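>>> A structural model of the following input is requested.
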Amino acid sequence: MTELEGEKERVRLAIATGDPAGIGSEVILKALADKTLWADCAITLVGSTAQLEAAYRHLRATGAANTLANPLDFQILDVAAETEPSPLQWGIGNATTGKISFQILETAIAQTLAGKFDGIVTAPIAKSAWKAAGHHFPGQTELLAEMAGIERFGMMFVGRSPHTQWQLRALLATTHIPLHQVPLALTPDRLTLKLDLLIDALRDEFGIGAPRIAVAGLNPHSGEQGQLGTEERDWLIPWLKEMRDRHPQAQLDGPIPPDTMWVAPGQAWFGNGSPSAAHDAYLALYHDQGLIPVKLMAFDRAVNTTIGLPFIRTSPDHGTAFDIAGRGTADPRSMKAAIALATELTQMRQRAQSTQ
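Numbers count the residues shown, from 1 in each chain. Purely as a prediction, here's the structure:
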């Protein structure tokens, strides 16, 4: 594909195609069939050219022809592993697909750090396949952080309501750890790091300089003054007082009881209440405390974005879906949202950097 006129002024996005046995190639090709999605960005697919072509032919045969973009209409950074499954075995993640998906993401990151791309959109990988291939990372986020050479990063989920256009933003203080480890992992230092990252991201990537942020409690009823847990009384409330002094431009509310913190965003999402009653962002203290409400509201359109990186990274908020891979039935809305958000955040970050 020849370089389009004016392409250098557009956001340059790499789309890492993920595990070839999953739905990554399908949701990417379905998303890119909407030409308005890439009007403001130059897309490069990072993956195996042979597998993308094979996936396109297979998916056309399922009846999805009218909803697919041809991968050859885009720049492809070909990543061909030494051994590739042939023919493609839909729905079977293994050491080979783990090797391929790891190499794809590794290539996308290296090329972005080298200045070829402004941001990365990542299709899903299978952690078990990475492990089978000898790559012991909890997920893509950790590889991104390691290769970028950063220790301060966070997992934030963003979704725009189709009912009201209100935008939900939720950051997790802890992610993929067992529940019994959460109280041990939560410390003032960890929360300070996450809150600093969140405030910086809201300013630089969302244009919110004076944000209203809700901070969840850990225990039911935020501890009920020590009757249902002491973390709030012992350190979370004092920590919030310190943070209000540290960030006088931000309104920090909390610790809000976890069962009621999500009422206002739910109403803002579904149009049952005023969006002005909701906060600009929500800091959840552990995985399910944040992601159960996020997925209830925005399961088919939420986006995972890694904050703290030197470039923008987004990803659809779903997995490889091996059980439906290759059937032509995968929903591309989360991938479309991930591409759109990567473009939007990159443009906002570039504008913020140009004024510094």
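>>> going forward, measure contacts between C-alpha atoms and count neighbours the same way
Noted.
>>> need the helices for the stretch 201-350 of the chain, in chain order.
For the stretch 201-350 of the chain, the helices defined by DSSP state H, counting those that start in this stretch occupy 231, 237-246, 258-261, 263-270, 287-298, 333-354.
>>> One more: the stretch 51-200 of the chain?
Under DSSP H, counting those that start in this stretch, the stretch 51-200 of the chain gives helices at 95-113, 127-132, 140-148, 182-185, 188-204.
>>> Out of those helices, which one sits most buried?
Most buried of the helices of the stretch 51-200 of the chain by mean neighbour count (mean count of other Cα atoms under 10 Å) is helix 95-113; its value is a mean of 22.
>>> Ala214 and Ala170: what is the separation?
For Ala214, the distance to Ala170 (Cα to Cα, to the nearest Å) stands at 9 Å.
>>> Overlap in contacts, these two.
With contacts defined as Cα atoms under 8 Å, 6 or more residues apart in numbering, the residues adjacent to both Ala214 and Ala170 are 281-283.
>>> Highest neighbour count among the residues you listed?
Within the shared contacts of Ala214 and Ala170, most neighbours by other Cα atoms under 10 Å means Tyr282, with 26 neighbours.
>>> For it, list the residues it contacts.
Residues in contact with Tyr282 (Cα under 8 Å, 6+ apart) are 169-171, 213-216.
>>> By neighbours, which of those residues wins?
That'd be Leu171 among the contacts of Tyr282, by other Cα under 10 Å, with 29 neighbours.
>>> tell me the contacts of the closest residue to that residue other than its chain neighbours?
Excluding the flanking residues, the one nearest Leu171 by Cα to Cα, 6 or more residues apart in numbering is Met156, at 4.2 Å. For Met156, the contact set (Cα under 8 Å, 6+ apart) comprises 169-172, 304-307.
>>> Columns pLDDT on top of those residues, output as JSON lines?
Converted to JSON lines, these look like this (pLDDT from 0 to 100):
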{"residue": "Arg169", "pLDDT": "98"}
{"residue": "Ala170", "pLDDT": "98"}
{"residue": "Leu171", "pLDDT": "97"}
{"residue": "Leu172", "pLDDT": "96"}
{"residue": "Asn304", "pLDDT": "95"}
{"residue": "Thr305", "pLDDT": "96"}
{"residue": "Thr306", "pLDDT": "96"}
{"residue": "Ile307", "pLDDT": "95"}
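>>> tell me the domain ranges of the protein?
1-149+309-346, 151-306 (automatic domain parsing).
>>> Just give me how far the shortest one sits from the chain centre.
If I follow you right, that is domain 151-306. Centroid displacement of domain 151-306 relative to its chain, using Cα atoms, centre = their mean, to the nearest Å, is 16 Å.
>>> Model confidence for Thr2, exactly?
With respect to pLDDT, Thr2 scores 38.
>>> average pLDDT for stretch 135-155?
Averaged across stretch 135-155, the pLDDT comes to 94.
>>> and that stretch, how far out from the chain's middle?
13 Å.
>>> can you list contacts of it?
So stretch 135-155 is contacted by 102, 105-106, 109-110, 113, 125, 127, 130-131, 171-173, 175-176, 193-194, 197, 304-310 (Cα under 8 Å, 6+ apart).
>>> Do I have it right that Ile307 meets Ile199?
No. Counting by Cα atoms under 8 Å, Ile307 does not reach Ile199; the two are 10.4 Å apart.
>>> re the thing from before, mind putting the domains of the chain into TSV with distance to Thr355?
Output for the domains of the chain, formatted as TSV (distance: least, Cα to Cα, whole Å):
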stretch	distance to Thr355
domain 1-149+309-346	14
domain 151-306	11
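>>> need the least confident one among these, by mean pLDDT.
domain 1-149+309-346 (a mean of 91).
>>> For that one, what is the distance to the chain centroid?
13 Å.
>>> In contact with Glu53, which residues are there?
Contact analysis of Glu53 by Cα under 8 Å, 6+ apart lists 71-72.
>>> what do you get if the cut-off is 10 Å, keeping everything else the same?
25, 59, 70-72 (Cα atoms under 10 Å, 6 or more residues apart in numbering).
>>> most surrounded residue in the residues you listed?
Top of the contacts of Glu53 by neighbour count (other Cα under 10 Å): Ser25, with 28 neighbours.
>>> So that one lies in a helix, does it not?
Yes. Assessed with DSSP: H, G, I helix; E, B strand; the rest coil, Ser25 lies in a helix.
>>> Do I have it right that it meets Tyr56?
Yes. Counting by Cα atoms under 10 Å, Ser25 sits close enough to Tyr56 to count as a contact (8.1 Å).
>>> Now for the two: what residues contact both?
By the contact definition Cα under 10 Å, 6+ apart, Ser25 and Tyr56 are jointly contacted by Pro71.
>>> returning to what we had before: for the helices of the stretch 201-350 of the chain, which one sits closest to Asp204?
For the helices of the stretch 201-350 of the chain, the distance to Asp204 is smallest for helix 333-354, at 5.5 Å, taking Cα to Cα.
>>> Which positions in the closest one come out as buried?
333-349 (16 or more other Cα atoms under 10 Å).
>>> out of the helices of the stretch 51-200 of the chain, nearest to Gly63?
Nearest of these (Cα to Cα): helix 95-113, 25.5 Å.
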